[in-house]
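Enquirer: How does the following fold in three dimensions:
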Amino acid sequence: MRKYILSLIILGCFCSCSHRSSFNEKICSMYIGKELVYFPDSDLVNRQLANQSRYKLLHTMDITCTSCIYEILDNESFIHALTDRHISFEIVGYSSYKDSIFNTVLLQYPFYFDFYRKFRTRNKILDDNVVRTFLLDGKKVLFAGDMKDNMFKEQIIQYVKTENIH
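Expert: Numbers count the residues shown, from 1 in each chain. Next comes the predicted model:
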């Protein structure tokens, strides 16, 4: 009888927990609908690569992080699927080291230098790997998440197709 009651309690907890939003979803949802503040004191490298679309996929990253560079390379097909629809992919790169040498992969895209993390600070972006990428309509955040998350990428692709963004 005790095993039966204990099983019901565990099952009840399991079912109720599975319907709650995940911790990551809660963090990401904090940014949806908000406007991001672009910082005027940063330099945009490769401005000619940015298109004039109101839609942008903005990715923040540590420019000295090798795995972060690989994340860009691993997501090139996703990035190109969006840029083919005239959604600009732009990087906001920061580093703790002023004399940072960064990978030339970053120069394939419009790139903002943000050595003092002003962008993340002004927009109150948490220092974690949960929120690093934003789909923007102008400055308004439509989606927030991380390109390592396949569900996040699928949601963006679905939104772009549904809204027929070109």
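Enquirer: Could you use CA atoms for every contact and neighbour count after this?
Expert: OK.
Enquirer: quick one: buried residues of stretch 108-116?
Expert: 109-115 (16 or more other CA atoms under 10 Å).
Enquirer: now for that stretch, what's the gap between its first and last residues?
Expert: One end of stretch 108-116 sits 22 Å from the other (CA to CA, to the nearest Å).
Enquirer: And the helices in this structure?
Expert: Taking DSSP state H as the criterion, the chain carries its helices at 2-18, 23-29, 66-74, 76-83, 118-122, 150-162.
Enquirer: looking at those, which has the lowest confidence?
Expert: Note on those: lowest mean pLDDT is at helix 2-18, with a mean of 39.
Enquirer: how near is Gly93 to Thr83?
Expert: From Gly93 to Thr83 the distance is 19 Å (CA to CA).
Enquirer: So the two - more neighbours on which side?
Expert: Shown here are Gly93 and Thr83; by other CA atoms under 10 Å, Gly93 has more neighbours (21 against 18).
Enquirer: quick one: that one and His166, what's the gap?
Expert: Counting by CA to CA, the gap from Gly93 to His166 is 27 Å.
Enquirer: cool, Leu136 as well?
Expert: Counting by CA to CA, the separation of Leu136 from His166 is 14 Å.
Enquirer: Looking at those two, which one has more neighbours?
Expert: Neighbours were counted for Leu136 and for His166 using other CA under 10 Å; Leu136 has more, 23 against 13.
Enquirer: surely that one meets Leu57?
Expert: Yes - using CA atoms under 8 Å, Leu136 makes contact with Leu57 at a distance of 6.2 Å.
Enquirer: Pick out the residue nearest the middle of this structure.
Expert: What sits nearest the mean C-alpha location of the chain, by CA atoms, centre = their mean, is Thr133, with 1.0 Å.
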